[in-house]
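[1] With the input below, show me the fold.
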Amino acid sequence: MNNQAFSPSDRQAPIVSDIHDPNELSTLAKDGIHFQCVQLEARAFTAQWMAIPLSRLYVQIVSHSVSTACRVRVPADRALVVIPLRPASPARWNSRELSAQEFLVCAPGSEAYAFEPPGAVTALLSGAPELIDRASASGDTATEPLRFLRAQIDDLRRLQQALVDVRRDASLGGGAVRPVTEAALAAALVACLRCGRPTPAPVWSIAAPHEIVHRAESSFRRHLADHGEPPSITFLAGRVGISERALRNAFHDAYDIGPKRYFRFWRLHRARAALRAPEHSTVTSVAMLNGFYELGRFAVQYRELFGEVPSRTLVRAS
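    As a prediction, the model looks like this:
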């Protein structure tokens, strides 16, 4: 990667989206990045997503008001660099805190589980893997799914400021990012990739928490689809092959929340997506499809999380 790779070219205009529903985030991610989000707090959700195409990179910046659990998948022909811009408290990616001096490189085809605290602002830079590899001193992006790199603090601050400048340019009239701003971003990214040093992964007594979460989520979804009701935590722990305590600890390490509350929030998000779909059905059928058989309790929990009753969502989607 060099500054010439970031020379101006014809491209789409930046997109800025103000969001009040976490389900909308999955429709906004660009460049093949899959981004699924679950709201973890029962209060009003607001977020902003900026998608800024550059010459050889796609810059996407997301900020949100409440804590969220995010599942991020990178396509096979892209690498992804994750840079925290304003962490209110440390974010976690694959159960590891991203410190103030660290950034993250996700390999092509990788999947990551992230916990983003309220008030966090995070930049996602995607591009062809060879662009990232050419600038990196720590090897091929394909060797590890996720690499935590510790940068020189001055280098990382320059990269963060360059991203702030890109966002500023994209927010101004016309939305064009100036060549000098692109060049500064290119130079700052190269400096961080070249000087960044891998930080050692923690040693887990059993499987890594995000791996446990992945297996538990897969088992939960299969059971809900097959039986029409959510499995118990005891059942999930047995399917994963660990104790209930270990399962709870894994979810707290990954998402800062227990599995029972997480899966309840996940089912509520799934129900909201169904109510807003063009082929939506009745509130009762959507509730039962997602394992909510006490409709009064479902309506209360839904309103607490999303600020409106399910019937209101259904009417607005009509």
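[2] mind listing the strands for the stretch 151-300 of the chain?
    Assigned by DSSP state E, counting those that start in this stretch, the stretch 151-300 of the chain shows strands spanning 197-198.
[3] where in it is pLDDT low?
    Residue ranges of the stretch 151-300 of the chain with pLDDT under 70: 173-174, 280.
[4] quick one: the spatially most central residue of the chain and residue 64, what's the gap?
    By C-alpha atoms, centre = their mean, the chain has its centre lying nearest to residue 70, at 3.7 Å. Remark: distance between residue 70 and residue 64 (C-beta to C-beta, to the nearest Å) = 10 Å. Placement of C-beta: from N, CA and C, glycine included.
[5] so what sits against both of the two?
    Common neighbours of residue 70 and residue 64, counting by C-beta atoms under 8 Å, 6 or more residues apart in numbering, are residue 116.
[6] how long is stretch 275-291 from one end to the other?
    15 Å (C-alpha to C-alpha, to the nearest Å).
[7] Now that residue 188 has come up, it's in contact with residue 164, right?
    No: applying C-beta atoms under 8 Å as the test, residue 188 and residue 164 come out as separate, 11.0 Å apart.
[8] Please identify which of these two sits among more neighbours.
    Neighbours were counted for residue 188 and for residue 164 using other C-beta atoms under 10 Å; residue 188 has more, 22 against 16.
[9] show me the contacts for the more buried one.
    Contact analysis of residue 188 by C-beta under 8 Å, 6+ apart lists 155, 158-159, 161-162.
[10] If any of the residues you listed are buried, put those into a ChimeraX selection.
    To isolate the buried ones among these in ChimeraX, judged by 16 or more other C-beta atoms under 10 Å, type:
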select :155,158,159,162
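[11] Among the contacts of residue 188, name the ones in helices.
    155, 158-159, 161-162 (DSSP state H).
[12] May I see the buried residues of stretch 202-214?
    Within stretch 202-214, the residues scored as buried using 16+ other C-beta under 10 Å are 207-214.
[13] Correction: the previous question concerned stretch 252-262.
    Within stretch 252-262, the residues scored as buried using 16+ other C-beta under 10 Å are 252-255, 257, 259, 262.
[14] and of the residues you listed, the nearest to residue 314?
    residue 262 (24.9 Å; C-beta to C-beta).
[15] Just the closest of the buried residues of stretch 252-262 to residue 131, please.
    Closest approach between the buried residues of stretch 252-262 and residue 131, by C-beta to C-beta: residue 254, at 29.9 Å.
[16] Tell me who's in contact with the closest one.
    Counting by C-beta under 8 Å, 6+ apart, residue 254 touches 69, 92, 94-95, 113, 115, 209-210, 213.
[17] ditto for residue 109
    74-76.
[18] any idea how far it is from residue 149?
    Residue 109 is 19 Å from residue 149, by C-beta to C-beta.
[19] ditto for residue 62
    Counting by C-beta to C-beta - residue 62 and residue 149 are separated by 21 Å.
[20] Between these two, which has more neighbouring residues?
    Legend: neighbour count by other C-beta under 10 Å for residue 62 and residue 149, higher for residue 62 (25 against 21).
[21] Would you double-check that that one falls in a helix?
    No: read with DSSP: H, G, I helix; E, B strand; the rest coil, residue 62 is strand and lies in no helix.
[22] ok, what's across the strand from it?
    residue 49, residue 122 (DSSP bridges).
[23] which residues touch the residue lying closest to residue 292 once chain neighbours are set aside?
    Nearest residue to residue 292, sequence neighbours excluded (C-beta to C-beta, 6 or more residues apart in numbering): residue 298, at 3.8 Å. Contact partners of residue 298, counting by C-beta under 8 Å, 6+ apart, are 271, 287, 292, 310.
[24] what's the farthest-apart pair in these?
    Of all pairs drawn from the contacts of residue 298, the widest gap by C-beta to C-beta lies between 292 and 310 and measures 9.5 Å.
[25] Can you list the low-confidence ranges for the stretch 1-150 of the chain?
    Within the stretch 1-150 of the chain, the stretches falling below the threshold (pLDDT under 70) are 1-12, 87-88, 135-143.
[26] do that again at 50, thanks
    Along the stretch 1-150 of the chain, segments meeting pLDDT under 50 span 1-10.
[27] so where do the helices sit in it?
    Along the stretch 1-150 of the chain, counting by DSSP state H, counting those that start in this stretch, helices occupy 25-28, 129-135.
[28] just checking, what packs against the first one?
    In this structure, helix 25-28 packs against strand 15-19, strand 34-39, strand 47-53, with contacts taken as 3 or more C-beta pairs under 8 Å, 6 or more residues apart in numbering; DSSP states H and E.
[29] Could you take those strands and lay them out as a markdown table, with extra columns for mean neighbour count and distance to residue 183?
    Output for the helices and strands packed on helix 25-28, formatted as a markdown table (neighbours: other C-beta atoms under 10 Å; distance: least, C-beta to C-beta, whole Å):
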| stretch | mean neighbour count | distance to residue 183 |
| --- | --- | --- |
| strand 15-19 | 14 | 23 |
| strand 34-39 | 20 | 28 |
| strand 47-53 | 21 | 15 |
